[in-house]
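**Q** Next comes the sequence, and after it the predicted model I'd like to discuss.
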Amino acid sequence: MANFLQFSLLLLLSSFCVDAAIFTLQNNCKKTIWPGILSGGGHPLLSPGGLELKPRGSIKLTAPTGWSGRFWARSGCTFDTSGKGNCVTGDCGNVLQCNGAGGVPPVSLAEFTLNSPMDFYDVSLVDGYNVPVSIVPLGGSGNCSRVTCVSDLNVKCPRSLQVKGDGGEVVACKSACTAFQKPECCCSGAFNDPKICKPTSYSKIFKEACPSSYSYPYDDATSTFTCKEANYLISFC
């Protein structure tokens, strides 16, 4: 009986492992970044919510079946030994481990909804841009396209959208919604309709730089991708 119970438990655990997705976070930047992670409602935190990643460093995180959430890179962070501090971009409540807090825009986002029944994923610049980010499915079946945003939008960022660091360098690029808070830029209010809310001259700059990324809220047709039973490599820079 004991052997049978052990065998049954192993089968149960293996089924969870098969259904789970493994996310590999890779830092290809020249400087240290601090990835932030926000889980969707009711889903467990991963990591829990934040970590430090040295240049060329990587880490694997396992998400359970049905997990949804987003990943982003924080830059220019300083934290004390208790994990308190701040980041120049992507800050999530002045702590290392975000613990359910999202990143302050502008940030480049890698977003996922797993097993619904396919995996849906995208790179979103709707909240602006801070560092290049790419998603590469590993294995899986279906379309499973790579999604890359490797262009340095900080170099191309219009002056009215620029976020500058202490040294005067451009460290992030706001979305028009974040910068101007106008319904026509945010697709809100009377503009909350895909037939009415169209790309702006600013979102077109984002789309030209990163054609497969979300550039504004109704950019679904060219920006949402699907795969089934894959693992995912998320590369920053």
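**A** Looks like it came in fine. Numbering: from 1, shown residues only.

**Q** Next, count neighbours for Val170.
**A** 17 (other C-beta atoms under 10 Å). C-beta: built from backbone N, CA, C; applies to glycine.

**Q** for Val150, same thing?
**A** By other C-beta under 10 Å, neighbour count at Val150 equals 12.

**Q** ok, now which ones touch it?
**A** Pro132, Ser134, Cys210 (C-beta atoms under 8 Å, 6 or more residues apart in numbering).

**Q** so who does the nearest residue to the last one once chain neighbours are set aside touch?
**A** Across the structure, with C-beta to C-beta, 6 or more residues apart in numbering as the measure, the residue nearest Cys210 apart from its sequence neighbours is Cys149 (3.7 Å). Contact criterion C-beta under 8 Å, 6+ apart gives Ser108, Val123, Leu125, Tyr129, Pro132, Val133, Ser134, Ala209, Cys210, Ser212, Ser213 as the residues in contact with Cys149.

**Q** Among the contacts of Val150, which one sits closest to Pro55?
**A** Pro132 (14.1 Å; C-beta to C-beta).

**Q** Residues contacting stretch 187-198, please?
**A** Taking contacts as C-beta under 8 Å, 6+ apart, the residues outside stretch 187-198 that touch it are Cys177, Pro183, Glu184, Tyr216, Pro217, Tyr218.

**Q** How about the secondary structure of the last one?
**A** This means Tyr218. At Tyr218 the chain is in coil, as set by DSSP: H, G, I helix; E, B strand; the rest coil.

**Q** how many neighbours does it have?
**A** Applying other C-beta under 10 Å, I find that Tyr218 has 19 neighbouring residues.

**Q** which ones are touching it?
**A** Residues in contact with Tyr218 (C-beta under 8 Å, 6+ apart) are Cys187, Pro194, Cys197.

**Q** now the nearest residue to it once chain neighbours are set aside: how far from Gly93?
**A** Nearest non-adjacent residue to Tyr218, counting by C-beta to C-beta, 6+ apart: Pro194, 4.2 Å away. Remark: distance between Pro194 and Gly93 (C-beta to C-beta, to the nearest Å) = 33 Å.
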